[in-house]
Every structure is written in C-alpha cells, then in structure tokens.
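In: Just to be clear, the model below is a prediction. Sequence and coordinates:
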Amino acid sequence: MSMKDRLVDQAKKLASSGRVVRVVSNDRVMRLATGVMDAKNRLRAAGERAAEAWDILLNGHALPNIDPALDDEAGVHGATPARAASPRPAAAAAGGAGLSTVEEAASASPERAAARAHVNGVGANGAGANGAGTYVAAAAEQKLATQMAARTSLSRIGGRDVFEKAYKFMTADNARAMGVYPFFRPLDFNNGPEAQLEGRTVTMLGSNNYLGLTTHPKVREAARNAIDKYGTSMTGSRLVNGSMRLHNELEEKLAAYHGKEAGLVFTTGYQVNIATISALLSNKRSVAMIDKDDHASIYDGVRLAQASGARMVRYKHSDPAALDSALSEIADTEGALVITDGVFSAQGEIASLPGIVEVVKKHKARLLVDDAHALGVIGPGGRGTAAHFGLGKEVDLIGGTFSKSLASIGGWLVGERKVLDYIQHFAYSFLFAASAAPPCVAAAMAALDVMQEEPWRQEKLRENFTYMRTELQRLGFELGKTETAVIPIYIRDDLKTVMMWKSLLDDYALYVNPFITPGVPPKQQVLRTSYMATHERKHLDHALEAFEKVGKKFGVI
C-alpha cells in the first residue's frame, strides 16, 4: 500500500469516529463559518434595509410582511421578553426551500470538510468517498456551505426579472448531487408500516396514516366503486356543477359523528383553514387570535383575512393565561375568533383546551379547533381533541383533513348550520375551487365507517406510540411534551439532524422526517416520527435499535 493510500485510509477511520462527527457538527463552528461566509451579503442586506427604512420615513410605505411563525418571541402575548441573543444562523432567515445549514462548517478546514464527505458517504460521483474523490467532494461541500450561508439574502434579490433569485438558488441542486437532500424523495410505493424507496424496502416512521386505512379493502373498494359510478372528477366547483349527493352524505355523517348540526366537505385540508378564517374575519373589526405554533394553513388563512382589514394577535403556545391577556386588550367593537391546533403537528402535544374554552367563553369569543392530527388518534371513538376533554359542545367549529386517519385527500368542517352556510357562500377559496373528487370522498367516508367498526385500531395505535415514547425516553432522547402518535426527537441542530436522518435511512433503512430551519425556529430542529396502528413490534424494535446506534454515534444520547 502506497503512502498516499495509507494516509487516505487513516483519514477515513478518523472521519468516521464519533468524536470527529460531534466536532464537525458543533453549532458554534457553524455560526462562526456562517458569519464569515455571508459577511458581504449581510452588509448588502443591511444597506437595503436602511434604504427601505428611509423610504418609509419619506413616503409612509408599509414594511414587507415577515412570517410570524418563525419569530420565536416577538409579538407573542405571554412570551418572556427575549434577552440579548447571539446572531442567528443564516439558515434561520427566510429564503430557502426548507433546507438549512447542512454543510455550513465545511469551510473551517479542508480536513474537516474531507471528514464530512466521508461521514456523508459522498465521493467524486456522489457514490462513496475514496482517494482523490474525497477531496473533490470536500470542495463541493465547501461550495455548498457558501451557498447555504448566502441564502440569508437570496430572497431579497429583486429587479426586472423576478426569476433571478430562482436561477441563483443552487443549494438544493448541490445537496441532491451530494446525496444529503432529505426532501421530496419519491416512493415507489407505500403500503403502511413499510414502503419502497428507490427499490429498497424501508420501515416507514414518516407517515400520517395513523390507523393504517390507506390499504384497507373496504376503503379501496369504495374508491373503485365511486370511479365506476361517478368518474374521476366533477370538473367544477361546489357552487355550480361540483356538488353531489355523495358530498352531502359525508357531510351528514361527519356532523353526526361529532355531535354537530352540520358539516362541510372541502377539496383539501389546507383549504379548510384558508376558507373558514378568511370568510369569518372579513373586516376591520375582526381579530384572529392564534396560538404561536399553529399550522401554516392557519397563518395563511389569517393573512387573507388581514387583506380585508382583520388583525392578527398571537398568544404564547398553549397558554390560556396569555390568551386571556390578549383577549382582554381587544376593543369592545371587535370580535375575536380563537384558533388552535388540537394536536400540534410538530410537537405531538395536545392543546390546553379546557383552559382555552374557559377563556373564550369569558370573553364571548368564538373557537375553531384544527383536528387534523387528532381525528382517529385521541378522544372516545377517535373523535378528537374536544371529545378527549368532554368539550364537544363547547367548541364552535372543528375542522380537519382526510389525508391522515381518513386515508384520502380533502377536508372537513363541522359546526352550526348557519355558520357553515355563510362560509360556503362567502369563502372564495371554497366557491371557486373544484370540488373533492368522488373516489376521494368515497374513500374518506369508508374510512370513517371502518374507524368506528374497528375500534381496535385506535387502541393498537395508542399502544404503539406509548411503547415508543417510553423506550425512546429510556434511551435518553429528548421528546418534548408529546402525548400522541407524533413523537419528535429533538436534535436542536440543523447539520446533525440531516446527518442523523441520512444515517438512519442509508444504514438502517429507517424513514423519518427531518424538520430543520426555516421550517422550524432555531434550536427546535427535530427528527419527527409518527406511528400507525399497523406497525408491528418488529418494526418498532428495529427502529429503537437504529435510533440508539445513530444517537450514540452523533452524541445525542
């Protein structure tokens, strides 16, 4: 063996050691590298902000909107005043595609970058580090790191061509080429607890198929029969030619299931919040009172309402006292709609609904609960958050999606008939959207029936996620306040989160979802796992073995 080969072999062994992995993913190193690499862009961005501020002083123009969901404390009722903070990583700024500082520290030294290339299993052709290929990959990582840091300012690029920023966005392309891009991975098929990804069978811990009904014979048969009878689409909105008896039948079943007067079926779950919030909060005397950690669809519905003059007020996450304080400050002439997730999709935490209901009643406000991740998971018969607390009659509106426990695509809302009648006549995103397709509606209706006919599914689901929560905590992982089928494993570091995701998938055929900035606030990065009634103990024990080995390798446990 030549001297060069021996040196390369020793470098490989060193790079794969747990100590090196922990050092190269150090958050302080990433912040330092980010600040140095993006200094020019930050100065330019600062100049642009100064110019905007001067323009506002002269002309009174409004500041551009900032996504409040990514602002951890500012503008939140009940939040602790923020102390002087260290500079945020570049990844925390807007302007990306969900990918963050995967390789930001690569430029710290060529040796460290080379070590990273080996850890990620990337060579000159993206197929494994060896020899000179390792250093080619290291150079590619340095380039990727620079681009990722530069995206701090990417979204601010403007001019005659609105596509300019798109042409300069190279981060995702380079990450794909290097094999470290965790998003939009096409599955060959997904049958529930297992899926096939690029010809390889993987254990699926990244699906919202909580009750395992997407492949249930009755659900499949209902979809097939609907296609045979009605075709594949209504090719029109509910307002004109898109309503059919099948829609009305499901609406009646959903209303009866929740003990409400009426139901309304939408084309997507996202559309439920956009339509409902914008229709109800349609003037300057309306206030959207939302939990800081509410789903993006709620934020988007509020933004539409703001275009009509409504105000948005955020309260501290799942804090009835903060909500009480916020509602105390609205004017007597204003009406408030309080909106909260029932189960928060990233944390798996159940909303503090008893306290929230008490405060809402005290201030004569109205309450909308998004039960997307609660239906089929909690409450008697899987009826969700309000039923879980015995508060079904106290919640004004309950909405959700077909795309989780109901094994389909679409959305639903239940409440008073007059309120739903108003929404379907005044929500543009409902009025002018094509109606839910017959096979989707039929599949959801069959899933709702099966959910009630086979209560063992909810019991098995609870058994599975309770087992995983207990065992992951025993291993030493931080899980937050999860009480449901969504179990987040807190990593609190972008690079380490993606590297662990890659190791779990490549080395153990375990599919999980990495949540990194800007999709989550800084220091809230997680590997999000979710569980199904159809997971067998062998799937869960395999996952626990993988989590233990990878967690130790990266110094998380």
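Out: Ah, there it is.

In: Would you mind measuring the gap between the ends of stretch 393-408?
Out: 27 Å (C-alpha to C-alpha, to the nearest Å).

In: same question but for stretch 424-438, I mixed them up
Out: Using C-alpha to C-alpha, the two ends of stretch 424-438 sit 19 Å apart.

In: host element of Asp332?
Out: Per DSSP states H and E, Asp332 falls between elements, in no helix or strand.

In: Next: Arg220.
Out: Following DSSP H and E, one finds Arg220 within helix 217-230.

In: on contacts alone, who are the packing partners of that helix?
Out: Contacts defined by 3 or more C-beta pairs under 8 Å, 6 or more residues apart in numbering; DSSP states H and E place helix 217-230 against helix 438-453. Where you see a C-beta, it was placed from the backbone N, CA and C, and this is true even at glycine.

In: 10 Å instead?
Out: Secondary-structure packing of helix 217-230 (3 or more C-beta pairs under 10 Å, 6 or more residues apart in numbering; DSSP states H and E): helix 245-258, helix 438-453.

In: any idea of the angle that helix forms with helix 438-453?
Out: 150 degrees (axes from the mean of the first three to the mean of the last three C-alpha atoms, to 10 degrees).

In: start at 17 instead
Out: Will do, 17 is the new start, and the previous item becomes helix 233-246.

In: And helix 233-246, how far out from the chain middle?
Out: 30 Å (C-alpha atoms, centre = their mean, to the nearest Å).

In: got the angle for that helix vs helix 261-274?
Out: Using the same axes, to 10 degrees: helix 233-246 against helix 261-274 is 150 degrees.

In: where do the strands sit along the stretch 167-316 of the chain?
Out: Assigned by DSSP state E, counting those that start in this stretch, the strands in the stretch 167-316 of the chain fall at 203-206, 210-213, 216-220, 278-282, 302-307.

In: What of the stretch 467-573 of the chain?
Out: 502-506, 526-527, 529-531, 542-546.

In: Name the residues that touch the shortest one?
Out: In other words, strand 526-527. For strand 526-527, the surrounding residues in contact (C-beta atoms under 10 Å, 6 or more residues apart in numbering) are 201, 203, 206, 210-211, 213, 218-223, 517, 519-521, 543, 545, 555, 558-559, 561-563, 566.

In: Please name the strands paired to it in the sheet, noting orientation.
Out: strand 216-220 (parallel) (DSSP bridges).

In: Can you list the buried residues in stretch 296-303?
Out: 296-298, 302-303 (16 or more other C-beta atoms under 10 Å).

In: As a markdown table, the residues you listed with distance to Phe448 and pLDDT would be great.
Out: Below are the buried residues of stretch 296-303 laid out as a markdown table (distance: C-beta to C-beta, whole Å; pLDDT from 0 to 100):
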| residue | distance to Phe448 | pLDDT |
| --- | --- | --- |
| Leu296 | 18 | 98 |
| Leu297 | 19 | 98 |
| Ser298 | 16 | 96 |
| Ser302 | 22 | 98 |
| Val303 | 26 | 98 |
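
In: Isn't Val566 up against Asp523?
Out: Yes. Counting by C-beta atoms under 10 Å, Asp523 is a contact partner of Val566 at 7.5 Å.

In: So those two - more neighbours on which side?
Out: Legend: neighbour count by other C-beta atoms under 10 Å for Val566 and Asp523, higher for Val566 (21 against 13).

In: Who are the contact partners of the residue nearest to Gly222 when sequence neighbours are not counted?
Out: Take Gly222 and drop its neighbours on the chain: the residue closest to it by C-beta to C-beta, 6 or more residues apart in numbering is Asn529, 4.4 Å away. Residues in contact with Asn529 (C-beta under 10 Å, 6+ apart) are 198-199, 221-223, 362, 504, 517, 542-546.

In: okay, Asn529: pLDDT?
Out: Per-residue pLDDT puts Asn529 at 96.

In: what about Asp316, neighbour count?
Out: 16.

In: One more: Gln540?
Out: 20.

In: Quick check on it: phi, psi?
Out: phi -110, psi 20 (degrees, to the nearest 10).

In: follow-up on the earlier one: now render the strands of the stretch 167-316 of the chain as TSV, adding distance to Ile314.
Out: Below are the strands of the stretch 167-316 of the chain laid out as TSV (distance: least, C-beta to C-beta, whole Å):
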stretch	distance to Ile314
strand 203-206	27
strand 210-213	29
strand 216-220	27
strand 278-282	14
strand 302-307	6
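
In: Indicate which one of these is closest to Val235.
Out: strand 203-206 (14.4 Å; C-beta to C-beta).

In: who's in contact with the closest one?
Out: By C-beta under 10 Å, 6+ apart, strand 203-206 touches 211-218, 220, 222-223, 225, 230-231, 527.

In: which of the residues in it are buried?
Out: Asn206.

In: Parallel or antiparallel, which strands does it pair with?
Out: strand 210-213 (antiparallel).

In: okay, the helices and strands packed on helix 233-246, which one's buried deepest?
Out: Counting by mean count of other C-beta atoms under 10 Å, helix 454-469 has the highest mean neighbour count of the helices and strands packed on helix 233-246, with a mean of 22.

In: That one packs against which elements?
Out: Partner elements for helix 454-469 (3+ C-beta pairs under 10 Å, 6+ apart): helix 233-246, helix 261-274, strand 278-282, strand 427-431, helix 472-491.

In: could you redo the last one with a cut-off of 8 Å?
Out: helix 233-246, helix 261-274, helix 472-491.
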